[in-house]
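Peer 1: No sequence on hand, only this structure:
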Ligand code: ADP
């Protein structure tokens, strides 16, 4: 057997789960846990996107993800920029994992998956559905609801609630100041 390329071994199947994770929600957590059961390793890859104006910096999002999955050795957290297929190839990934919440996700995800297949035919995209209690949760809605004073309990990990509180305080100049 040649080892000239990053040819995966049967015991080391790895998937990349890319996204913004701004912030991590229980929907993402559900997909990551499902991915970790399906693959030997799952790399949660935070997209470095200079055009978007995120609430949490990439470093903050990575720190949240690392803290949330500290106890799961199958989950790795990383960042990437540029073409996802190039990143996946560099990592030696076998698959891209994406979550499908509703029909509304389908069209965009379908286009992306087929474009990625064209760019990297050997890389499969695997779609997973979260538990139905998470199907309506998006990072965007979480941010909106939280910033308007609504409860996001049960929809994000408790540490994300804490970070949202700190972020809100730092943005509004409240008594709780940002910690390094
Ligand atoms: P993006 O900005 O690329 O949509 P996200 O971090 O919001 O990044 O999402 C990353 C992936 O997780 C996408 O495949 C998205 O469909 C999926 N996802 C987001 N929220 C949920 C959820 N509540 N349940 C299942 N999958 C989700």
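Peer 2: Noted; the coordinates are in hand. The structure presented is a predicted model; accordingly, all values stated were derived computationally and were not measured.

Peer 1: Angles on the backbone of the most centrally placed residue in the chain, please.
Peer 2: Averaging the C-alpha coordinates of the chain gives a centre point, and the residue nearest to it by Cα atoms, centre = their mean is residue 19 (4.3 Å). When quoted as degrees, to the nearest 10, the phi and psi of residue 19 stand at phi 170, psi -180.

Peer 1: Now do it, the pLDDT please.
Peer 2: pLDDT, the model's per-residue confidence, is 97 for residue 19.

Peer 1: With residue 173 instead?
Peer 2: In this model, residue 173 is scored at 78, pLDDT.

Peer 1: This protein: strands as residue ranges?
Peer 2: Counting by DSSP state E, the chain has strands at residues 14-19, 41-47, 75-80, 95-99, 124-128.

Peer 1: Low-confidence regions, this protein specifically.
Peer 2: Applying pLDDT under 70 to the predicted model, the residue ranges of the chain that meet it are 1-11, 174-180.

Peer 1: circling back: arrange the strands of the chain in a markdown table, one row each, with distance to the ligand as further columns.
Peer 2: Quick note: C-beta positions are derived from backbone N, CA and C, even for glycine. Conversion of those to a markdown table gives the following (distance: least, Cβ to the nearest ligand atom, whole Å):
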| stretch | distance to the ligand |
| --- | --- |
| strand 14-19 | 3 |
| strand 41-47 | 7 |
| strand 75-80 | 12 |
| strand 95-99 | 2 |
| strand 124-128 | 7 |
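
Peer 1: Done for today, thanks.
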